[in-house]
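[1] starting from these lines, generate the structure:
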Amino acid sequence: AVKDAIEIGYRHIDTASDYGNEAEVGQAIAESIKAGIIKREDLFVTTKVWPQKADAQAKALQSIHESLTKMNLTYLDLVLVHFPWDDYVGSYKGCEDAFHQKLVRSIGISNFNEQQTDNLVSKATVKPANDQIMSNPKAESAGYLKYSHSHNITVTAYSPLGTGSLVKNPKLMAIGQKHNKSAAQVMIRWQIQRGVIVIPKSVKKQYIKEDFEQYIGHKIMGFIDKVCESNSETDFETERQKLTPMIKLNTGYEMPEIGLGTWQAKGDPVKQAVKDALEVGYRHIDTAYIYENEKEVGEGIHAQIAAGVLKREELFITTKVWPNGSNQKKALEMIHHSLKQLNVTYLDLVLI
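    Below is the predicted model of the structure:
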């Protein structure tokens with residue numbers, strides 16, 4: 001799995017002393033380096049030390065040395081205290097020792113809440129760089145994320161797919177299907193756009209590749225929190241309609257950044273195209289007086305309004321007036337004609 005991930009393009013590998021797999025992880029890294037796929041400096045390796053009740057500081061430093069030996073590395077990029085258990089402060093001080101000895105480039109914590117983090121920071125000489133916590137749309141940890149960012153502590157999400165339980169979530173699947181992506185890819189991108197490092201786990205190359213090729217949009221992901229919290233299909237549809245990125249015009253109105261163009265499309269095909277576009281989530285339809293298809297565009301719009309897919313006020317309609325041989329009066333007449341053909345009481349945008 002590690003070799004496949006590195007070949008695909010992953011450059012961050014997460015393990016732990018407690019996982020019992022550091023030797024195999026190190027072997028895969030060494031083989032990938034030998035094959036010329038990467039250099040050691042291209043890779044970010046994270047491991048974790050298990051907190052101890054007694055001699056925690058010395059045992060943490062010893063654990064780091066053992067991890068280095070098992071993975072055949074001269075340094076680690078990040079070492080975390082695995083849980084806020086037993087003498088976790090002593091374990092962290094052992095990580096500080098490794099940091100000062102340049103065995104570790106950064107140190108941090110895992111599964112800590114705000115109070116535990118505050119307690120640790122008050123006794124530490126090196127501030128934690130990262131906290132690795134469970135985080136996914138059903139356990140989003142928004143409060144801790146806000147806290148950590150305000151304290152300049154990065155967050156890594158483990159179980160970002162809900163240990164696989166959310167990959168079949170119908171609401172997440174619907175968002176993904178709209179963009180030809182899987183629910184897993186949507187969830188990973190959501191975390192990245194929240195400023196969260198994400199470490200999905202898989203041993204199958206197919207899923208490793210899918211997770212890496214996550215959705216690359218930039219605005220639509222902010223609604224996953226509401227979508228996953230809601231049990232109402234009505235609420236889901238309301239949130240889904242908000243997914244289209246908007247740009248504000250100088251009139252104060254917002255215009256969807258993506259719309260359906262209808263030039264050279266006429267008759268039943270354009271009517272069906274408008275219906276299909278509205279069903280998948282488009283909220284901007286562009287037509288023109290000269291296209292001679294406003295009637296069919298209007299029929300497509302009203303078919304979906306009647307079906308409950310959207311309301312008129314959720315749709316942005318653009319049309320155009322033809323300047324050749326026209327004047328002020330004729331332009332106004334064309335707009336009235338377009339309103340009648342489209343069967344609407346107002347237009348969102350009219351262009352010359």
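[2] quick one: the helices in the protein, in order.
    2-8, 22-34, 56-71, 88-100, 114-123, 142-150, 170-178, 183-193, 205-212, 224-229, 233-241, 267-280, 294-306, 328-342 (DSSP state H).
[3] CSV please, covering those helices and showing mean neighbour count and mean pLDDT.
    In this view, the C-beta of every residue, glycine as well, is placed from N, C-alpha and C. Converted to CSV, the helices of the chain look like this (neighbours: other C-beta atoms under 10 Å; pLDDT from 0 to 100):
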stretch, mean neighbour count, mean pLDDT
helix 2-8, 18, 92
helix 22-34, 17, 97
helix 56-71, 20, 98
helix 88-100, 22, 98
helix 114-123, 14, 96
helix 142-150, 14, 87
helix 170-178, 18, 87
helix 183-193, 23, 86
helix 205-212, 17, 70
helix 224-229, 18, 55
helix 233-241, 15, 49
helix 267-280, 17, 88
helix 294-306, 20, 96
helix 328-342, 15, 95
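[4] which stretch among those helices comes nearest T287?
    Checking the helices of the chain against T287 by C-beta to C-beta gives helix 294-306 as the closest, at 4.8 Å.
[5] now the angle between helix 328-342 and the closest one, please.
    50 degrees (axes from the mean of the first three to the mean of the last three C-alpha atoms, to 10 degrees).
[6] helix 294-306: how far from the chain's middle?
    34 Å (C-alpha atoms, centre = their mean, to the nearest Å).
[7] list the contacts of it.
    By C-beta atoms under 8 Å, 6 or more residues apart in numbering, the residues outside helix 294-306 that reach it are 262, 266-268, 270-275, 278-279, 285, 287-288, 310-312, 315, 317, 319, 338, 341-344.
[8] which strand residues bridge I133?
    Listed by DSSP bridges, the beta-bridge partners for I133 are A157.
[9] quick one on the thing from earlier: quick one: closest of the helices of the chain to G108.
    Nearest of those (C-beta to C-beta): helix 88-100, 8.2 Å.
[10] which other helices and strands contact the closest one?
    strand 44-49, helix 56-71, strand 76-81, strand 104-110, helix 114-123 (3 or more C-beta pairs under 8 Å, 6 or more residues apart in numbering; DSSP states H and E).
[11] show me what stretch 112-125 is in contact with.
    Counting by C-beta under 8 Å, 6+ apart, 84, 88-89, 92-93, 96, 109, 127-128, 131, 133, 143-144, 147-148, 151, 153 sit against stretch 112-125.
[12] try 7 Å
    P84, Y88, V89, Y92, E96, I109, K127, P128, D131, Y144, Y147 (C-beta atoms under 7 Å, 6 or more residues apart in numbering).
[13] can you pull the contacts of L76?
    V45, T47, I64, S67, L68, L103, V104.
[14] what about 6 Å?
    V45, T47, V104 (C-beta atoms under 6 Å, 6 or more residues apart in numbering).
[15] for it, give its distance to I317.
    58 Å (C-beta to C-beta, to the nearest Å).
[16] same thing with V104?
    Counting by C-beta to C-beta, the gap from V104 to I317 is 59 Å.
[17] quick check: phi and psi on the residue of the chain positioned farthest from its centre?
    When distances are taken from the C-alpha mean of the chain, G325 lies farthest, 51.2 Å away, according to C-alpha atoms, centre = their mean. Note on G325: backbone dihedrals following degrees, to the nearest 10 are phi 80, psi 0.
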